[in-house]
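**Student:** no sequence for this one, just the structure:
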């Protein structure tokens, strides 16, 4: 059971959150300009790393905000938490919130 | 009342003033308050408690705790019957009734024991090598095997007991209330922060409870003092009868408190039977102690063979003698203390066979001083006796580990064994902590932790009470506990297994007593190539019993290492996983069962529907009226009547459950343009528009009508089932992709009660209930909305229609929903107003060829497939647009929506029926589509059906074949708009 | 922990509060105009700090999210205050939606109220961790709720969607059962 | 290879010492192979076996990072069935089921296939319609499937609660009688033993650390036990597909999630079929040992940790007790997790890659065990012929570009 630090509300139990998968996948500004495989890369292809993973979570049953989490997919340690539009914290293992 | 022939006259924690009557396998016996079932059985001289899993061998009581592999019982009968409980953990209560498991007809004479006679035929993994004939024959053999397997029985009938689940937060969780745990809790508690101390026993004290002579180290007084200090601290919560059983990520631990198990079926009904604690701890101190290991010698499984420390516990804590004449076999000092305690209480210690050639030190000296017969370099190599051990065969063990000298049979009724102690590292390992093998101690110890956790006491290798207390204090104060102290005496680690005196004995050296895994099985697995410790476990079932290998795993690893000729640490351990001790399903589910299994959501008009006799349909968590049968009506009758009422007069339907979302802000139009496939710029305030949402993959996600309330304010509706999903999805786009758009979304689903009023008489009914809304077509045209009052309540009225008739949806604040419904019913009486349910709604819209999300769509259907190109913007982008242009989406043979007209107008095709281009010729058939919606249409006096068919309406007028059960129907592909295709009625 | 030995007070009391007016308010709390607009309509600025509340006239304004608040007022005042807010915030990026009918508030009080809540909530609700005035959205068992502690006593308000109120209420009754039987 | 039978058991029982041959060798890897299969689970071992048996490939290695069968093969809930909606899936899974039906004899290893029937419960009107669609399509594909009403469900499963008074009453079920369970470890061991007998080198404790690609063609592998050259490489490592593919520069439409399962203590037979419910989200069967084997859905986050969150177990138990209130006093004995590689359409990828000589078999999500022999059979064909068999031709990586997905979310709404 993860304990996730919402950048707004602080530490809350995983059950209040929804995981939205890999973060920082931008919707292409001009989809028509893309080939089918390029569009598929946006739509379906994922990094799915074993290690540090930047992902989106939503505090669904709290403040309702989406935010980013950098989490290790093997240890489940949360390395950093940062708001939408922000970049991840420096390579420390501290929790910026 | 029967006597308790093996009960000591004094001592122990039992209360001799409170005798308790109980039965075991139908025999009436007596024990005392404070007894476990095991101690009470021993006090009565009962040793044969159960039968083993595979060979059905007689088994007794090996341990005094959670690690018990043998003494499993079925407690009580009927709906409170509980299988596979460890007699060593069952607290005695008056009237307790227990029976042995896995034996027929009884524990003394068990037919299953025939297997034991042919045990050589059925070594580990034998079932992989036979039962293969004939092909598919396993299902037959399996029935026999299944009957033989399986231990106890499932209860009969629903569980009458209640279970609780609760959450707790603390700064320090201390697991185990032995000396280390008590000291840790006290040290932590003095800081004033929140502490939880959990222990599985009814009384704190741990192993100290089993010791009478503490030789000057902390003892009963120290426990008492510490406990009273802990109880005086308001920040400390002491949980007894509570087993911490799972250690998960981010210091989340699960514990089970047995609240009333010790009271039996007469426990107060308002109390939960068990409580599951979900604990989030900033820091954890594990003071989980150590478990004594058995020794692996021939026939080490007979009733009367017991771990030395267990025997000591029975004598000291329960005043129950496990025998009168004992032989001791050990490879370490701890068994000497047990031997001395038994000796002091009148048990004759025939011999102490010590695997160490030259036992020395205080333990051996004390035993020698007491006149006990110590045989250095000796071991018990076999036992005899059928249902109870009658003698132990003792022989010398040479330096090379082989038998030496003559084998002597020593008469006895008890064999005590000690193979050393294994730290209970289970929870530490579950937490992700690494183990290391300590050569000096010969054990796996906690090494690097992955979470904020510390180990203290015997689990950390500490020896002796004083050392445990010191480590506990350190850990409790947040300091790193001192390193493990040196062992009192080095152990002989090389006698796994102890040599047998003959061939047959070689096959009877048990490692896992519950699953009947022998040293020979392990050797066989190694010989066959199952050499990884995980393969060994799976091939032999070592450690997979209800005791989870707490006693057998380490000896098993040692035997494996011996067979491989590898050092023990190279073999490693299997992964420790939750739970440490089995957890009751009911406790895991908590109160999420029965009426609270999942929320039931009801609309404000629910009571009316119930009163009207509605049959309900589950749509997500909502209960929606499905149809309203009159007396004697079938579903088809009722639905037909409801539909005709809407077509010919007027009907009303509860539409409250549809999702409603207020979209407001300067960016609202831009937002809708991106979310919906059609354009929203030109929608005037006061008007409504139908919209279709796609996923980014181009597939239809949801649909609904959105009304423009003000320039920058819209009210969007969604389908019932998708309401929360759509809101979440919209929020995700807004927050993550388009933060620049000035839009706020607010759910208004629960704020309003909504009634759909549909049918040619709808206007007449509505006009009678409103004075401030002009309901004429000119003033209030199709696809517009007005606000005002209906039946005196502030209302928004939307002129929209899903039935194809003149229709209004009237929304009022939820509190007025029931009154509005009642007012409409009264007002419509003269017009024949009829409540209709979701099924009639489905029929009405299908007659019109309208799509229903979830029925015509299944996540693989595009708007083009549905013939809805008209709703797709040509130029501007929207979610899902690019996906519609992918090559596979342009395939002319994609399945597209059509109508189906059955040749036999009376025939209503089953929904889900598959469509073939030609008459069936035998499987596999070529299927070109399926029926998505199909109903009897009362107004058309024939069946109507919608279908998704390859090629779609290009096939119009062709005949397709629909295989039904036992016959094939023919139908013609047609326009899906069966009724009023031009829409004259809904605009009227 | 609460002292369960206090006599004459039921261990837990569960009640359904009378209907209230409630307004869901969205806006940018870094925009002085928004703050001033809200203050002019309800007498106080929205609290910027997470999980806090402020008295607002005879009602209260509760933090729901960084740009979202719930204004609680008397039922009869809901429409007027919503209009006042809308007028005060006209032209700003803000949203005012009356939601009073869609929500139901249950109150839970008594020395064991914390224990009852803890059974259904992962939130740390002990009095010193969830002080007077604190509010938070979370889950009570399977129902999304807004928890609010108005004062220093052990009274907690659980606000839940109307259609889930029967579930929440039944759940709390069931959870409280073990504290309500005679010893 | 000693032939297994009742007679060989008897011979060994009477022998002074048992004399069973090793089930498989433990060879050191050779420097080069014609075909290297990465992943020593059921799918990988089956691939190697069928390559050797059906296609005469003789120089094959299977590389396994840990111990063979230690991934999802040894962590699933052992359900086998072929009742899939879409033709493409139905044909592939049916091939697997047919191979399963003869597998014990073929491998001379009892995989304990128990065709005790798989029931999919239905709890609402919408699901009734879906069931009708599914059962009819499956039957027309020549695969057995039936619809049961409420009372028939009770007849099949006497211990189930069909009361209409519960939260989500049971309205009916579909059943595939040829479905059932098999012993998961035995499938891996049986294929391993049979492949080894045909000369396949099964190399355990050999982790692949790199894939050598030159001029668009695979050349070999870097491993923890040295470099190994290979003409063809098949990646079949569920739970690590993305990691391996990345070594060859490929991105996959896959997310890896934990899938948890648990067993009860062993009890006497109480449940003779496999029961699944998508609506209340649980599925279970009773093993021959007597344990109830229970599974549910995946955790929502990406993970390679083989463990998940406790809340999944809690909701699974609530669902179980809704169907079987009398199981409340039984106890969870063991709990574990696997890593499942999930594709957006809940269907696998079995086929070629943009790298010549590199083949991919992954994305089976929660349902890979039931496909094991069919997957291996079709993948072996794909490698041997350098083109997919008709059975796996639709399951390409390219489908994510064209949009020709095979959406089986209905089939996998609950993990299995």
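**Tutor:** Ah, there it is. Model, not experiment: these values are computed from the prediction. Residues are numbered from 1 along each chain as shown, chains lettered A, B, ... in the order given.
**Student:** use CA for all of it now, contacts and neighbours both
**Tutor:** Fine.
**Student:** Now do the buried residues in stretch D:375-385.
**Tutor:** Within stretch D:375-385, the residues that count as buried by 16 or more other C-alpha atoms under 10 Å in any protein chain shown are D:375-384.
**Student:** before we move on, what about stretch B:635-645?
**Tutor:** Neighbour counts using 16+ other C-alpha under 10 Å place B:635-636, B:638-645 of stretch B:635-645 among the buried residues.
**Student:** That one and chain D, are they touching?
**Tutor:** No. Stretch B:635-645 lies out of reach of chain D by C-alpha under 8 Å from any C-alpha of the partner chain, never closer than 13.2 Å.
**Student:** Run the chain-centre distance for that stretch.
**Tutor:** Offset of stretch B:635-645 from its chain centre (C-alpha atoms, centre = their mean, to the nearest Å): 44 Å.
**Student:** pLDDT averaged over that stretch - what is it?
**Tutor:** Averaged across stretch B:635-645, pLDDT comes to 97.
**Student:** Over to stretch B:954-964?
**Tutor:** 96.
**Student:** can you point me to the longest helix in chain C?
**Tutor:** helix C:165-180 (DSSP state H).
**Student:** pLDDT on that helix, on average?
**Tutor:** Mean predicted confidence for helix C:165-180 is 96.
**Student:** tell me what it is packed against?
**Tutor:** helix C:113-120 (3 or more C-alpha pairs under 8 Å, 6 or more residues apart in numbering or on different chains; DSSP states H and E).
**Student:** Show me the strands in the chain, by range?
**Tutor:** In the absence of a named chain, this looks at chain A. With strands called from DSSP state E, chain A shows them at A:3-6, A:10-13, A:18-22, A:52-58, A:66-72, A:78-83.
**Student:** Switch to chain C, please.
**Tutor:** Using DSSP E, strands in chain C cover C:13-16, C:20-27, C:53-56, C:59-65, C:68-74, C:94-98, C:103-109, C:135-140, C:143-148, C:156-161.
**Student:** quick one: the fourth one to strand C:143-148, angle?
**Tutor:** Calculated by axes from the mean of the first three to the mean of the last three C-alpha atoms, to 10 degrees, strand C:59-65 forms an angle of 130 degrees with strand C:143-148.
**Student:** Any part of strand C:59-65 near chain B?
**Tutor:** No. Residues of strand C:59-65 contacting chain B under C-alpha under 8 Å from any C-alpha: none, with a closest distance of 12.3 Å.
**Student:** Name every strand pairing with that strand and say which way it goes.
**Tutor:** Paired neighbours of strand C:59-65 in the sheet (DSSP bridges): strand C:53-56 (antiparallel), strand C:68-74 (antiparallel).
**Student:** related to what we said a few turns ago, ok, the buried residues of stretch D:375-385 vs chain C, which is closest?
**Tutor:** residue D:375 (40.0 Å; C-alpha to the nearest C-alpha).
**Student:** So for the one helix or strand that closest one maps to, mean pLDDT?
**Tutor:** For residue D:375, the host element (DSSP states H and E) is helix D:372-385. Averaged over helix D:372-385, pLDDT sits at 98.
**Student:** Please enumerate residues in contact with that helix?
**Tutor:** Residues outside helix D:372-385 that contact it (C-alpha atoms under 8 Å, 6 or more residues apart in numbering or on different chains): D:42-48, D:50-51, D:55, D:57, D:92-93, D:95-97, D:99-100, D:232, D:234, D:350-352, D:357, D:359, D:361, D:387-389, D:391-392.
**Student:** On the C-terminal side of that helix, identify the next helix or strand.
**Tutor:** Following helix D:372-385 toward the C-terminus (DSSP H and E): helix D:399-402.
**Student:** that older thread, are any of the contacts of helix D:372-385 buried, and if so which?
**Tutor:** Counted by 16+ other C-alpha under 10 Å, those give D:42-48, D:50-51, D:57, D:92-93, D:95-97, D:99-100, D:232, D:234, D:350-352, D:357, D:359, D:361, D:388-389, D:391-392 as buried.
**Student:** For the nearest residue to residue B:219 once chain neighbours are set aside, which residues are in contact?
**Tutor:** Leaving aside its sequence neighbours, residue B:219 sits nearest to residue B:208 (C-alpha to C-alpha, 6 or more residues apart in numbering or on different chains; 6.4 Å). Contacts for residue B:208 (C-alpha under 8 Å, 6+ apart) come out as B:178-179, B:219-220, B:465.
**Student:** Just send the strands paired with strand C:59-65 back as TSV, with distance to residue B:723 too.
**Tutor:** Below are the strands paired with strand C:59-65 laid out as TSV (distance: least, C-alpha to C-alpha, whole Å):
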stretch	distance to residue B:723
strand C:53-56	29
strand C:68-74	20
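**Student:** Distance from the chain centre to the helix holding residue D:375, please.
**Tutor:** With C-alpha atoms, centre = their mean, you get 14 Å for helix D:372-385.
**Student:** what's the pLDDT at the residue of chain A found nearest chain D?
**Tutor:** Closest to chain D within chain A is residue A:45: 4.1 Å, counting by C-alpha to the nearest C-alpha. For residue A:45, the pLDDT comes out at 98.
**Student:** cool, residue C:6 as well?
**Tutor:** The model's pLDDT for residue C:6 equals 47.
**Student:** So for chain C, which residue is the most central one in space?
**Tutor:** For chain C, the residue nearest the mean C-alpha position is residue C:148 (4.0 Å; C-alpha atoms, centre = their mean).
**Student:** Roughly how far does it sit from chain B?
**Tutor:** Going from residue C:148 to chain B by C-alpha to the nearest C-alpha, to the nearest Å gives 18 Å.
**Student:** Give me the neighbour count for the closest residue to that residue other than its chain neighbours.
**Tutor:** Spatial nearest neighbour of residue C:148, chain neighbours left out: residue C:135 (4.2 Å); criterion: C-alpha to C-alpha, 6+ apart. By the criterion of other C-alpha atoms under 10 Å in any protein chain shown, residue C:135 has 23 neighbours.
**Student:** Quick one: residues contacting residue C:135.
**Tutor:** C:51-53, C:62-63, C:146-149.
**Student:** Dump these into CSV; add pLDDT as well.
**Tutor:** Formatted as CSV, the contacts of residue C:135 follow (pLDDT from 0 to 100):
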residue, pLDDT
C:51, 97
C:52, 98
C:53, 98
C:62, 98
C:63, 98
C:146, 98
C:147, 98
C:148, 98
C:149, 98
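**Student:** Where neighbours are concerned, which of these has the most?
**Tutor:** Within those, residue C:62 tops the neighbour count with 29 neighbours, counted by other C-alpha under 10 Å.
**Student:** For it, which residues are in contact?
**Tutor:** For residue C:62, counting by C-alpha under 8 Å, 6+ apart, the contacting residues are C:46-47, C:51-54, C:69-72, C:135.
**Student:** hmm, 6 Å instead?
**Tutor:** C:53, C:69-70 (C-alpha atoms under 6 Å, 6 or more residues apart in numbering or on different chains).
**Student:** roughly how far apart are residue B:894 and residue B:929?
**Tutor:** According to C-alpha to C-alpha, to the nearest Å, residue B:894 stands 10 Å off from residue B:929.
**Student:** Who has more neighbours out of these two?
**Tutor:** Using other C-alpha under 10 Å, the more surrounded residue of residue B:894 and residue B:929 is residue B:929, with 24 against 20.
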